[in-house]
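A.B. asks: Need a 3D model of the following:
(one chain, ligands or ions: 1)
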Amino acid sequence: MKKFSVKLIYTSIRKTIGKGSHYLHEPSFSSNEIQNIKDTLKTKFVSSAGIYGEKFEQKIQKYTKSKHAIAVINGTQGLYISMKALGVKKNQEVLVPALTFVGSVNAITYTGAEPHFVDSNIKDLGIDCNKLEKYLKKISKIKNNKCINKKTKRIISCIMPVHIFGHSCDIKNIAKIAKKFRLKVIEDTAEALGSFYKNKHLGTFGDVGCISFNGNKIITTGGGGVVLTNNSKLAKKIKHLSNTAKLKHKWEYIHDDVGFNFRMPSLNAALGLAQLTKIKIFLNAKRKLFHKYSNNFNSIPGVQIFKEGKNLRSNYWLQTLILEKKYKNVKDSLINYCYNRKIFVRPAWKLISSLRPYRQKQKMNLSGAKDIADRVINLPSSQSLLIKK
Ligand SMILES: Cc1ncc(COP(=O)(O)O)c(C=O)c1O
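C.D. replies: Alright, predicted model coming up:
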């Protein structure tokens, strides 16, 4: 058996991805994208009035088998407008894992509601269901069909499970707990286009699901997102609100609410349409990359490459290395060693509950999330690493 060392881990990463500089995730483009963008420019309808927005929505809807898909300017605003449409407001609380990207939590804050942090587990990197259920039993009561935080007296109206790095959290169980405690479910699916739980696309289990098409995601629209929902009334509301709440009329400007300019521009949707035609190729490349990393790390002690769970199909958006607990102190020196050799690996996020704007918010014991953050390093994961040129 080989002996654990930073150099050995670095060498195994190098062996997997080859020479040169490597970033965490780079997009892959070809002539399709250029053609679609040229076509949009020719139409002159580059903003939300163009034809590509709706086309893109239809394709996403078909791919995810969601009843509705509403394309928006980014994942964060998708989450925000979804909560707005669900009626989330000031003096409510929304449960969210402390281990997530800050955008999930900011979106809650924009509504005026308070984020309330819950713990995660290393098994699937998502919300720890056992801990969650016990915690809710202890801290809340149901009154008038609403979940009330006994300490703050606020309504806990929603839960926002997050599918971390493209891997499904225990969404079925979370949905069950949500039902029991009268919580709406906003699935943060930002990282999980192409990921499934028992053949059902992630983002279609909750009241809404939001996908991101930021430049670092599996497909990109430059910046953008899409809201998925099977609730027709909600879909109509989200579309209306994201389009300045404008009523249909040939020339009059009539707005019946304080709406938002959140529609995805046609130029971005055109890029997304071209990207979407290659989703299978991208997913295959990512799966191959996962196997390559796994093989190269097989004989290295003290580390493991994160693997999708049973009945789940991950998009393997990011490849994740997990250090054994006894090696967690090596994390920063390993990152530094790789950075100095132009491999730009990254840790998981800092727990959002530890960031200045969120330190005073409600939270449960977050030992699971802390343990993950202490031991996770994400490795270069671009699909282009394994797509034959
Ligand atoms: C987990 C998570 N939630 C929300 C977002 C926000 O998406 P966007 O960057 O499109 O606003 C991202 C990604 O960037 C994310 O990774």
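
A.B. asks: where exactly do the helices run in the stretch 101-250 of the chain?
C.D. replies: Chain-ordered helices for the stretch 101-250 of the chain, with DSSP state H, counting those that start in this stretch as the definition, fall at 102-110, 129-139, 171-180, 232-242.

A.B. asks: any idea of the angle the second one forms with helix 171-180?
C.D. replies: What that stands for is helix 129-139. Here helix 129-139 runs at an angle of 10 degrees relative to helix 171-180 (axes from the mean of the first three to the mean of the last three CA atoms, to 10 degrees).

A.B. asks: Check what contacts helix 129-139 and list those residues.
C.D. replies: If you take CB atoms under 8 Å, 6 or more residues apart in numbering as the criterion, helix 129-139 is touched by 95, 118-119, 121, 147, 149-151, 156, 170, 173-174, 177, 180-181, 364-365, 368. Every residue, glycine included, has its C-beta placed from N, CA and C.

A.B. asks: closest to Ile37 out of the helices of the stretch 101-250 of the chain?
C.D. replies: Judged by CB to CB, the one of these that comes nearest to Ile37 is helix 232-242, at 22.8 Å.

A.B. asks: pLDDT wise, what is the closest residue to Asn121 other than its chain neighbours at?
C.D. replies: Take Asn121 and drop its neighbours on the chain: the residue closest to it by CB to CB, 6 or more residues apart in numbering is Asp128, 4.1 Å away. The confidence metric pLDDT takes the value 98 at Asp128.

A.B. asks: possible to save the helices of the stretch 101-250 of the chain as a markdown table with distance to the ligand and mean neighbour count?
C.D. replies: Rendered in a markdown table, the data for these read as follows (distance: least, CB to the nearest ligand atom, whole Å; neighbours: other CB atoms under 10 Å):
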| stretch | distance to the ligand | mean neighbour count |
| --- | --- | --- |
| helix 102-110 | 3 | 21 |
| helix 129-139 | 18 | 16 |
| helix 171-180 | 14 | 18 |
| helix 232-242 | 14 | 18 |
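
A.B. asks: Return the residues in contact with the residue of the stretch 201-350 of the chain found nearest the ligand.
C.D. replies: Here the residue of the stretch 201-350 of the chain nearest the ligand is Ser212; by CB to the nearest ligand atom that distance is 3.3 Å. Contacts for Ser212 were tallied using CB under 8 Å, 6+ apart; they are 74-76, 78, 190-191, 224-225.

A.B. asks: For Lys42, which three-state class applies?
C.D. replies: Of the three states, Lys42 takes helix under DSSP: H, G, I helix; E, B strand; the rest coil.

A.B. asks: And Ile122, how far from the ligand?
C.D. replies: Taken as CB to the nearest ligand atom, to the nearest Å, the spacing of Ile122 relative to the ligand amounts to 17 Å.

A.B. asks: oh sorry, the question was meant for Asp188
C.D. replies: Counting by CB to the nearest ligand atom, the gap between Asp188 and the ligand amounts to 5 Å.

A.B. asks: what's around that residue, how many residues?
C.D. replies: The burial metric for Asp188, expressed as a neighbour count using other CB atoms under 10 Å, is 34.

A.B. asks: Let me see the contact set for it.
C.D. replies: Asp188 sits in contact with 75, 79, 100, 104, 160-163, 209-210, where contact means CB under 8 Å, 6+ apart.

A.B. asks: can you pull the contacts of the residue lying closest to it once chain neighbours are set aside?
C.D. replies: Closest residue to Asp188 apart from its sequence neighbours, by CB to CB, 6+ apart: Val162 at 4.1 Å. Contact criterion CB under 8 Å, 6+ apart gives 96-97, 99-101, 104, 126-127, 169, 188, 190 as the residues in contact with Val162.

A.B. asks: Scan those residues and report the most crowded one.
C.D. replies: Most neighbours among those, by other CB under 10 Å: Asp188, with 34 neighbours.

A.B. asks: and that one, what are its bridge partners?
C.D. replies: Partner residues in beta bridges with Asp188: Val162, Cys210, with DSSP bridges as the criterion.

A.B. asks: measure it to Glu114 for me?
C.D. replies: When CB to CB, to the nearest Å is applied, the distance between Asp188 and Glu114 equals 17 Å.

A.B. asks: Pull up the gap between the residue of the stretch 201-350 of the chain closest to the ligand and Gln362, please.
C.D. replies: According to CB to CB, Ser212 and Gln362 sit 26 Å apart.

A.B. asks: What number of residues are in the vicinity of the closest residue to Gly203 other than its chain neighbours?
C.D. replies: Excluding its sequence neighbours, the residue lying closest to Gly203 (CB to CB, 6+ apart) is Gly209, at 2.5 Å. Neighbourhood size, Gly209 [other CB under 10 Å]: 31.

A.B. asks: what stretches of this protein score poorly on pLDDT?
C.D. replies: 388-389 (pLDDT under 70).

A.B. asks: how's it carved up into domains?
C.D. replies: Per the record's domain assignment (automatic domain parsing), the chain is made up of the domains 6-28+279-385, 31-276.

A.B. asks: And the closest residue to Asn261 other than its chain neighbours, how close does it get to Arg263?
C.D. replies: With sequence-adjacent residues excluded and distances taken as CB to CB, 6+ apart, Asn261 is closest to Thr244, at 5.8 Å. Taking CB to CB as the measure, Thr244 and Arg263 are separated by 9 Å.

A.B. asks: Have a look at the two and say which one is more surrounded.
C.D. replies: Set side by side, Thr244 and Arg263 give different neighbour counts by other CB under 10 Å, the larger being at Arg263 (20 against 16).

A.B. asks: so that one touches Gln77, yeah?
C.D. replies: No: checked against CB atoms under 8 Å, the pair Arg263 and Gln77 is beyond contact range at 10.2 Å.

A.B. asks: Residue of this protein nearest the ligand, please.
C.D. replies: Among the residues of the chain, Gly75 lies closest to the ligand, at 2.6 Å counting by CB to the nearest ligand atom.

A.B. asks: For that residue, which non-adjacent residue is closest in space?
C.D. replies: With CB to CB, 6+ apart as the measure, Ser212 is the residue that lies nearest to Gly75, at 3.0 Å, once sequence neighbours are left out.
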